[in-house]
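> Everything below, folded, please.
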Amino acid sequence: MARYTGPKTKISRIFGEPITGNGKWLTKNSNPPGMHGANRKRKTLGEYALQLREKQKAKYTYGLLEKQFRKTFDEASRRKGVTGENLIKLLEARLDNTVFRLGIAPSRQAARQLVSHKHVTVNGDVINIPSYSCKPGDIIGLKNKSAANDTIAANIRGKNAKFNWLEWNEAEVKGTFITYPERESVPENIKEQLIVELYSK
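Below is the predicted model:
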């Protein structure tokens, strides 16, 4: 199963944003990684470097490696509409991301683990594929045995109200993927147009 297993703190320091965690430690050390830290002279990034950096940020944010990310981009380019917006919609529709957005898991990594270990159901069927693409109307929940697990239940915090493309039923511990999100509704700081330009070269 493709996923990044390297140091998460280092990745967040590269971008200066909490890409893979809550980022509390960024206030202590927000310098880019490297032996010279803040004193190191850094060149102004060129056009290609900026585009590559944005693609890397998107990959680390959603937990994809290159092959899977490229496959998602190709699917986005085949769909009608703006390719960059389609890419964000497809990334947000991934099952592991949807579980995270619903508040069932505290992070995308934790959500991916829940899905992989067969705790999550879609329309009543157990799905253990994190890259599964949710469709409008899909109902995402936990198996009865999993919902009764104290550890899993303790991490459920419910959906953030700003994620208006999802609906959360706290009583049944289930959520509904209502529709694909509009770009302005997605809080991630990703310039998707730079990714489109990179792959268009």
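> Centre of the chain to the helix ranked longest in the chain, how far?
For the chain, the longest helix by residue count, based on DSSP state H, is helix 47-62. Offset of helix 47-62 from its chain centre (C-alpha atoms, centre = their mean, to the nearest Å): 14 Å.
> So which other helices or strands are in contact with the next helix or strand after it?
Going down the chain from helix 47-62, the next helix or strand is helix 66-78, by DSSP states H and E. Contact here means 3 or more C-beta pairs under 8 Å, 6 or more residues apart in numbering; DSSP states H and E; on that basis helix 66-78 packs against helix 47-62, helix 83-92, helix 192-199. C-betas here are computed from N, CA, C, even on glycine.
> Which neighbouring elements make contact with the last one?
Put plainly, it is helix 192-199. helix 47-62, helix 66-78, helix 83-92.
> what do you get for the second one?
Packed against helix 83-92, as judged by 3+ C-beta pairs under 8 Å, 6+ apart, are the following elements: helix 47-62, helix 66-78, helix 95-101, helix 192-199.
> same thing with the first one?
Secondary structure elements in contact with helix 47-62, counted by 3+ C-beta pairs under 8 Å, 6+ apart, are helix 8-15, helix 66-78, helix 83-92, helix 192-199.
> Name the stretch among these that sits most buried.
helix 83-92 (a mean of 22; mean count of other C-beta atoms under 10 Å).
> and it with helix 192-199, angle?
100 degrees (axes from the mean of the first three to the mean of the last three C-alpha atoms, to 10 degrees).
> ends of stretch 74-86, how far apart?
10 Å (C-alpha to C-alpha, to the nearest Å).
> Quick check: mean pLDDT of that stretch?
Mean pLDDT, stretch 74-86: 96.
> next one: stretch 150-165
On average, stretch 150-165 scores 89.
> what about the helices and strands packed on helix 83-92, which gets the closest to residue 169?
helix 95-101 (14.4 Å; C-beta to C-beta).
> ok, and what's touching that closest one?
Residues from elsewhere that reach helix 95-101, judged by C-beta atoms under 8 Å, 6 or more residues apart in numbering: 62-63, 91-92, 105-108, 110-112, 114-115, 120, 122, 127, 129-134, 140, 159-160, 163, 166, 175, 177.
> ok, of these, which come out buried?
Using 16 or more other C-beta atoms under 10 Å as the burial test, the contacts of helix 95-101 include 62-63, 91-92, 105, 107-108, 110-112, 114-115, 120, 122, 127, 130-134, 140, 159, 163, 166, 175, 177 as buried.
> From those, which land in helices?
62, 91-92, 108, 110-112, 114-115.
> between the residues you listed, which is closest to residue 5?
residue 112 (11.9 Å).
> Residue 69 touches residue 55, doesn't it?
Yes: the criterion here is C-beta atoms under 8 Å, and residue 69 meets it with residue 55 at 7.4 Å.
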